[in-house]
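Peer 1: next comes the sequence, and after it the predicted model I'd like to discuss.
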There are 2 protein chains.
Amino acid sequence: MRPLGYCRRMRLEQSHRTERFGAVRIHELQRVIQLDSGDATGTTGEGIVSQAAMRAIERQMVIVIPCMNETRRVIEGVLSGIPHDCLIVLVSNSARQPVDRYEMEAQTLEQYCRATERPAIMVHQRDPGLAAAVKAAGMPELIDDDGLVRAGKGEAMLIGMAVAALTGRKYLGYIDADNYVPGAVHEYVKVYAAGLHLAANPYAMVRISWHSKPKLRDGRLFFSRRGRSSEITNEFLNRLVAEYSGFGTEVIATGNAGEHALSLDLGLRMRLAGGFAVEPFEFVELFEQFGGLLDTAHPEVMASSVPVLQIETRNPHFHDNKGEDHVQGMRMQALNVLYHSPVALPPVRQAILDFMVAQQALAPGEEPPRERIYPPVGSLDLDLLRDVLESEAGTFRQLGTRSLVTPLRPRPAALPEPEVFTSA
Amino acid sequence: MRPLGYCRRMRLEQSHRTERFGAVRIHELQRVIQLDSGDATGTTGEGIVSQAAMRAIERQMVIVIPCMNETRRVIEGVLSGIPHDCLIVLVSNSARQPVDRYEMEAQTLEQYCRATERPAIMVHQRDPGLAAAVKAAGMPELIDDDGLVRAGKGEAMLIGMAVAALTGRKYLGYIDADNYVPGAVHEYVKVYAAGLHLAANPYAMVRISWHSKPKLRDGRLFFSRRGRSSEITNEFLNRLVAEYSGFGTEVIATGNAGEHALSLDLGLRMRLAGGFAVEPFEFVELFEQFGGLLDTAHPEVMASSVPVLQIETRNPHFHDNKGEDHVQGMRMQALNVLYHSPVALPPVRQAILDFMVAQQALAPGEEPPRERIYPPVGSLDLDLLRDVLESEAGTFRQLGTRSLVTPLRPRPAALPEPEVFTSA
């Protein structure tokens, strides 16, 4: 782990404290101080990331955009913010009836790629050919009763990760499609690159905490510092950690971070949760796989470490308001996965139950429902996935002059078969 | 004028059409396609701006931030978006009673400059020492009955330009302090740099048209494409042009642009208007000084040309809502300067009268009021300005390790005495 500090493009606050959980090193939140710090190198002794180093990461990075029914203008804005060298993968779950919004998205992406001379990949989540590819590759869990890939956000992210793995690139970043500020998108990806470089570790994750979130309150705009569901998710994740360390902590600030990036070497080893449980489950999964509490057969990772950088961006996170139901749903899905994790100790589980009952999200005596947890993407037969995608998935499009999904580098021998944990 | 097109950092739409008005060349609006176009060079034959070329402009650019009673958080955000190599000049008209907001701004700026190791200059618009310096330098018109510099926005911009001239830098960009999106600020300055480089002309101006403006409408956010006062200002500016060419035009899209940049070689030759008339008056002044209609003794400029680039940014312009009165005031101040310009032909003047009467902004038979028009900053005795500022203006602060206002390069011999036009 290189010390954090200056980079030519972006200046980050230094992070001095980390919280350890087995091999997992959670860095306390650090702020972006300056979006563009010029060519100044700063005081020697502090970490310096050159523009070239950031470009090197971007050239190895896939940006997955899960997208559902956003307007053309919003999508155009998001695309315009993604640095040129990143490869865009759009995973859409947009309506195809009565208007085919996916075709609109395809036109938008094609036009953008032509104007900017860059490639991209897109696929529709509910394409029967995609479902066939997923089944052939060995993950029938992802398929619903209609024979299609399930419709959740976690499922879109999983598909995006699988496609990213097909490209042979090393890093994966997620960007939500419902972002009204292209400059924020741009900052997120630059933060991914700076963070992944500074982590200097094959198993690294960077999670974004947005600076503020504009909301309507009494007809005025109000800049809220914390998201409604984030507060709860972070609180219980921190309690989970504190139960082991014996020290209260607030280190986890990005439990629900939609915007995050990771090395594929890490991502391919992680199980992903379905729906909106996906983001908080990433922390739970890190603790389960690399926390040193369970026998999970990742000696190569345990011998290294898993840095998790949390970075507060300067731009406000300005997106569509999905309403209170959405937030309540997200909050409860996060608590469901926490509750059922084998690393959650009884006091945390009890606190979750009490909270959910108080919120009337659970009747007294009931157990929280289980969320879907999928096997790691690394367990897929990616060669088969690619072949069936290319031959059967009509919505799978590679924009550009050449195929972007190439026969793979050999899969790491160390990747284990997926293991499924059940809660105690 | 180099052709517009690719640059390493930012990709702009090509602009094919320009409208000429004497030496003034107004380029039609061109869009930013990509915030960061990587190291790709694009098709040969189209203009390419290297990152190095943009940095070269930024190193010669002063960013003036007129500021009045913004919160600390908003100011911090704006500062964080300004590329490192630009020199920040904050001109504040914030309240000093009951709380001294200027001191809060000074602390914010000092803290930011320390963290980022960059210099800055700040001054309060109503500092008696500033008024003394302005009087000594030869512009008593700027002083009000209280013996202080007048309180308008145009006046703040004029002071900013004078300070910029003291630094010996070549370019000046304005950034409003009430911007909630640091990424938008960053994009604006990058657009200034790209535009001024592409203009390749000592007398150049770049004006920003924001992509959209979020507004509250029926409790929802609505992304408006046009500002309320911009539409009117642009319409009448375009009519002014069309009366000469005989062809209707919509080329002017940035009549009220608060965000704009220009070479000081151009700026020092221009008169500025007071208050909110300042921005639309810039177009009027370009037509008056360099339109070839009036004898204005700028042979060196007339032998060259004055490109005005208009660039639509990707980010929404997201700022505080100043209310309907503010908008109506801005609109009418723009029309006042247009009406009284000697280059406005009678049909345009009549249309302005009709509009103002219809808006009940003017009684039938009345004339629109005149706005204050100040002599060019180039007519100031800048050596005296600097000396009195440094000795008498207590709020004039240079943050950093050395003096930023240096004895000047000799004033261009060609700078004329200010001329005052009266309308026909």
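Peer 2: Done, it's in.
Peer 1: make it CA atoms for all contacts and neighbour counts henceforth
Peer 2: Noted.
Peer 1: so which helix or strand takes in the residue in the stretch 201-350 of chain A positioned nearest to chain B?
Peer 2: Of all residues in the stretch 201-350 of chain A, residue A:315 sits closest to chain B, at 5.5 Å by C-alpha to the nearest C-alpha. Following DSSP states H and E, one finds residue A:315 outside all helices and strands.
Peer 1: confidence score at it?
Peer 2: Model confidence at residue A:315, given as pLDDT, is 87.
Peer 1: count of neighbours near residue A:406?
Peer 2: 13 (other C-alpha atoms under 10 Å in any protein chain shown).
Peer 1: part of a strand, is it?
Peer 2: No. Counting by DSSP: H, G, I helix; E, B strand; the rest coil, residue A:406 falls outside a strand, being coil.
Peer 1: excluding chain neighbours, what is closest to it?
Peer 2: In space, and not counting its chain neighbours, residue A:406 is closest to residue A:167: 6.0 Å by C-alpha to C-alpha, 6 or more residues apart in numbering or on different chains.
Peer 1: also residue A:191?
Peer 2: According to C-alpha to C-alpha, 6+ apart, the nearest residue to residue A:191 is residue A:311 (7.4 Å).
Peer 1: what packs against the helix or strand containing the one you found?
Peer 2: Per DSSP H and E: residue A:311 is located in strand A:306-312. Other elements packing on strand A:306-312 under the criterion 3 or more C-alpha pairs under 8 Å, 6 or more residues apart in numbering or on different chains; DSSP states H and E are strand A:24-27, strand A:30-34, helix A:182-199, strand A:205-209.
Peer 1: if I pick residue A:282, what's in contact with it?
Peer 2: A:270, A:272-273 (C-alpha atoms under 8 Å, 6 or more residues apart in numbering or on different chains).
Peer 1: same question, residue A:252
Peer 2: Going by C-alpha under 8 Å, 6+ apart, residue A:252 touches A:26, A:28-29, A:234, A:237-238.
Peer 1: repeat that for residue A:131.
Peer 2: Going by C-alpha under 8 Å, 6+ apart, the list of residues near residue A:131 reads A:143, A:147-149.
Peer 1: my read: residue A:144 touches residue A:135, true?
Peer 2: No. Assessed by C-alpha atoms under 8 Å, residue A:144 is found out of contact with residue A:135, at 11.2 Å.
Peer 1: when the two are compared, which one has more neighbours?
Peer 2: Comparing residue A:144 with residue A:135 by other C-alpha under 10 Å, the one with more neighbours is residue A:135, at 22 against 12.
Peer 1: so what's that one closest to, chain neighbours aside?
Peer 2: residue A:143 (7.7 Å).
Peer 1: wait, doesn't the one you found sit right on residue A:150?
Peer 2: Yes. With contact defined as C-alpha under 8 Å, residue A:143 reaches residue A:150; the gap is 5.7 Å.
Peer 1: which of these two has more neighbours?
Peer 2: A direct count of neighbours by other C-alpha under 10 Å for residue A:143 and residue A:150 places residue A:150 higher, at 21 against 18.
Peer 1: around chain B, pick out the residues from chain A.
Peer 2: Neighbours of chain B within chain A, by C-alpha under 8 Å from any C-alpha of the partner chain: A:11, A:33-38, A:40, A:42, A:55, A:77, A:79-85, A:115-117, A:180-184, A:186-187, A:216, A:219, A:314-316.
Peer 1: in PyMOL, select just the buried ones from those.
Peer 2: A single PyMOL command is used to select the members of these judged buried by 16 or more other C-alpha atoms under 10 Å in any protein chain shown:
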select buried, chain A and resi 11+33+34+35+36+37+38+40+42+55+77+79+80+81+82+83+84+85+116+117+180+181+182+183+184+186+187+314+315+316
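Peer 1: quick one on the thing from earlier: do I have it right that the residue nearest to residue A:406 meets residue A:403?
Peer 2: No. Taking contacts as C-alpha under 8 Å, residue A:167 lies outside contact range of residue A:403: 9.1 Å.
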